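[1] here is my input; please provide its structure:
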Amino acid sequence: MFRMADLSNGTDRQRVTIRQIADLAGVSIATVSRVVNGRGDVSDETRELVQRIVREHGYSVNRTARGLSAGRTGFVGVTVPKVAPVFFSSILSGAAEALYEQDMRIVLCPTEHEHDREVSLLDRLMHGITDGALLVLPEETNEELENLLNHGYRFVVVDPLQPLNARIPAVSAANSSGANQAVRHLLDLGHRRIGAITG
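    Okay, here's the model as predicted:
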């Protein structure tokens, strides 16, 4: 049995384990788990005891280990060519906020428009680091993206650079159709010398 004094200094407080909390409280690890996860099948007296010991020793759930045991990491990769332009930073901001609401976080992966770098990043993201990815303006071919799907990796392409196969999930701004409508409108007004200013 661990004594209260065993865990009194700051270094030990950071390393306290669920087993130590259970020993200090004189209960099972399963009981401590039920308390810290807010389960209702624990007596009030036991709950108060465990919560007091948890507070005194600064115990917190290892979210990464818990996620991995459940087959999830809580992270989503986001590949972007650049970070600085407003277009990309707006996407990153929106993605980070949406994921935060689901208690998830982003893993940022700038690619610099380099195909080999992006393929390497995706390989690492796919093998256990993340639960999925947002691929912004990806450099991969349809075949490479299909391969990711075939391996069970979940992702969404944002603003693809090329037409994608139907089974590849994607979202994009209406750039082509919007430009088409704008030009048709100008043509309908009788204009024939039409200029375009692009970013």
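[2] average pLDDT across the lengthiest helix in the chain?
    What stands out as the longest helix in the chain, according to DSSP state H, is helix 86-101. On average, the pLDDT along helix 86-101 is 88.
[3] and that helix, what does it pack against?
    Contact analysis of helix 86-101 by 3 or more CB pairs under 8 Å, 6 or more residues apart in numbering; DSSP states H and E lists strand 75-80, strand 105-110, strand 132-136 as its packing neighbours. C-betas here are computed from N, CA, C, even on glycine.
[4] what about the spatially closest residue to Glu118 that is not a sequence neighbour, how many neighbours?
    Closest residue in space to Glu118, ignoring its immediate chain neighbours: Thr111 at 4.3 Å, by CB to CB, 6 or more residues apart in numbering. By the measure other CB atoms under 10 Å, the count of residues near Thr111 is 22.
[5] measure Thr111 to Val136 for me?
    Distance of Thr111 to Val136, computed by CB to CB, to the nearest Å: 9 Å.
[6] list residues touching both of the two?
    Counting by CB atoms under 8 Å, 6 or more residues apart in numbering, the shared contacts of Thr111 and Val136 are Thr79, Val80, Pro81.
[7] and of those, the nearest to Asn142?
    Thr79 (16.6 Å; CB to CB).
[8] and the nearest residue to that closest one once chain neighbours are set aside, what's its pLDDT?
    Nearest non-adjacent residue to Thr79, counting by CB to CB, 6+ apart: Cys109, 4.6 Å away. pLDDT, Cys109: 91.
[9] again with Arg3
    pLDDT at Arg3 comes out at 38.
[10] can you list the low-confidence ranges for this protein?
    For the chain, the stretches flagged by pLDDT under 70 are 1-15, 61-71, 199.
[11] now for the most centrally placed residue in it: which residues touch it?
    Central residue of the chain (CA atoms, centre = their mean): Val76, 2.4 Å from the mean position. Val76 is in contact with Ala95, Leu99, Met104, Arg105, Ile106, Val107, Thr130, Asp131, Gly132, Ala133, Leu134, counting by CB under 8 Å, 6+ apart.
[12] so how far is Thr17 from it?
    Val76 is 29 Å from Thr17, by CB to CB.
[13] fine, thanks again, bye for now.
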